[in-house]
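>>> Output the structure for:
(one chain, ligands or ions: 1)
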Amino acid sequence: MKNSQTTLFTFHKIREQGEQGNEGAWRAFLDFYSPVFFRLLEIHGNIDGAEAPRILRKALEALTANGFERFRATSRQSEREFLGDIRCLLLEVALETAVNPAQAESAPSGIFETGKIAKLLEDLPLLHKEMLFFKLSGYHDDTLERVLRIAPRVAEKAFERLTAEYAPARNAERERCPWPVEWLAFLKQARAMKTDKCLSTHQFVRVHDGQVSWYDKEPVEKHVSACLHCLDSWTGIREVGYWRRAADPVSASRITGLLEVLPIEKAPAKKSFFARLCS
Ligand SMILES: [Zn+2]
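Alright, predicted model coming up:
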């Protein structure tokens, strides 16, 4: 169900007016994007129930602290780049907060060492790397097919690499990473591997949308293929774009609960006719 108060907002309006603490902009932000955030927490972090809003509230506090400092630093160019920025923050807060995620198994030690993951992905075409990366993060084949718009069976050879300690990622019963804490820690490490050769998420969005020529696309894909930092951003942009379209809406009461932690200017309550007479 769409919230009638937020239908007039666009991403650009939310981005612009959010900085000023506009209540309508933040209500629209939560209406549009909290469904995406809940899905990310569920899949990557195995976090749901009452724990999910608790972590999202912490992430929102971090996003809006010091006069919206982190929010001001998010992308203005496109909704996916903006959500990609917030995804990084959210997953880091989830890692710091999720001490004991529900039903999580402990991963065999070293399973997500960056060198080991790079080896697991080695010599695969980029699409297969992406699919393997999504599988490790907990995605099931049917969702993967909708995210990438291609049947995951094309990467069956890549999935065959998920043996021994990685096997639970291949056939996870629930669509969640089997080892969320280790996975979130790995993503944090991958993000820290950024170099001056890394590319902007804006370039990734352009490639995903088919806005660049083969000539310009080839070096981008080559870099992403060889860089865990950029592979995380590249797949992150895809998943936020998908969940923006596909995630189930969040109830109005849940949104009101999230809104409470934000440093926004609340519109004054309208005075009743009687109160106006007496003032
Ligand atoms: Zn890179």
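
>>> C-alpha only now, for contacts and for neighbours.
Will do.

>>> Grab the nearest non-local neighbour of A190.
H229 (4.7 Å; Cα to Cα, 6 or more residues apart in numbering).

>>> all helices for the stretch 1-150 of the chain, in order.
Taking DSSP state H, counting those that start in this stretch, the helices of the stretch 1-150 of the chain run over residues 11-18, 23-45, 51-72, 79-97, 114-121, 126-136, 141-148.

>>> Now render the ones you listed as a markdown table, adding distance to the ion.
Shown next, in a markdown table, are those (distance: least, Cα to the ion, whole Å):
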| stretch | distance to the ion |
| --- | --- |
| helix 11-18 | 26 |
| helix 23-45 | 21 |
| helix 51-72 | 22 |
| helix 79-97 | 15 |
| helix 114-121 | 13 |
| helix 126-136 | 14 |
| helix 141-148 | 21 |
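
>>> Turn those helices into CSV, including mean pLDDT and mean neighbour count.
CSV is the format used below for the helices of the stretch 1-150 of the chain (pLDDT from 0 to 100; neighbours: other Cα atoms under 10 Å):
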stretch, mean pLDDT, mean neighbour count
helix 11-18, 97, 18
helix 23-45, 97, 23
helix 51-72, 96, 18
helix 79-97, 97, 21
helix 114-121, 96, 15
helix 126-136, 97, 22
helix 141-148, 96, 16
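
>>> Take the ones you listed and lay them out in TSV including distance to S200.
Putting those into TSV (distance: least, Cα to Cα, whole Å) gives the following:
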stretch	distance to S200
helix 11-18	19
helix 23-45	21
helix 51-72	17
helix 79-97	9
helix 114-121	21
helix 126-136	17
helix 141-148	20
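
>>> what's the spacing between whichever residue of the stretch 51-200 of the chain sits closest to the ion and I237?
Of all residues in the stretch 51-200 of the chain, C198 sits closest to the ion, at 3.4 Å by Cα to the ion. According to Cα to Cα, to the nearest Å, C198 and I237 sit 15 Å apart.

>>> swap in H202?
From H202 across to I237, the span is 10 Å (Cα to Cα).

>>> Could you check which helix or strand contains the closest residue to I43 other than its chain neighbours?
What sits nearest to I43 in space, not counting adjacent residues and going by Cα to Cα, 6+ apart, is R176, at 4.2 Å. Using DSSP states H and E, R176 maps to neither a helix nor a strand.

>>> And R176, its phi and psi?
Main-chain torsions, R176, degrees, to the nearest 10: phi -150, psi 150.

>>> Now for it, how many residues are close by?
Burial of R176 is recorded as 25 neighbouring residues (other Cα atoms under 10 Å).

>>> So it is in contact with L41, correct?
No: taking contacts as Cα atoms under 8 Å, R176 lies outside contact range of L41: 9.2 Å.
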